[in-house]
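**Q** Got a sequence here, can you model it:
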Amino acid sequence: MDQKIHLSIPHPDRTLTVLNHQSGETLHLKPVKTVQALLGALALSPETVLVIQEDSLLCDDDAIDPGKPVEIRPVISGGSLS
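**A** As a prediction, the model looks like this:
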């Protein structure tokens with residue numbers, strides 16, 4: 001899968017790397033403090049995605065470590081068979 005790279009600020013050492021598995025893009029964004037701020041910047045609803053940093057699932061008000069990549073994965077729900 002080809003991944004697109006977007007740089008929104010000129011210095012990559014001062015960026016937050018976001019792997020968006022919904023779109024297949026790797027983004028380099030200005031660091032934000034919380035998951036809620038990140039999702040707001042990306043215009044994503046917290047009900048539609050999971051935000052993961054290292055091996056931890058993050059909640060809306062959790063802090064984001066700008067030195068570590070963040071993954072955004074789509075929420076997939078299934079119904080009951082009965």
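**Q** excluding its backbone neighbours, what's nearest L16?
**A** P31 (4.5 Å; C-beta to C-beta, 6 or more residues apart in numbering). C-beta: built from backbone N, CA, C; applies to glycine.
**Q** show me what contacts that neighbour?
**A** By C-beta atoms under 8 Å, 6 or more residues apart in numbering, the residues touching P31 are 14-16, 64, 66.
**Q** tell me which of those residues is nearest to V35?
**A** Nearest to V35 among the contacts of P31 is I64, at 6.4 Å by C-beta to C-beta.
**Q** Would you confirm that the closest one contacts Q36?
**A** No - using C-beta atoms under 8 Å, I64 and Q36 do not qualify as a contacting pair, with a distance of 9.9 Å.
**Q** Those two - which one has more neighbours?
**A** Taking other C-beta atoms under 10 Å, I64 and Q36 do not tie; I64 has more neighbours (20 against 17).
**Q** Pull out the buried positions in the one helix or strand V51 maps to.
**A** Assigned by DSSP states H and E, V51 belongs to strand 49-53. Neighbour-count burial for strand 49-53 flags 49, 51-53 (criterion: 16 or more other C-beta atoms under 10 Å).
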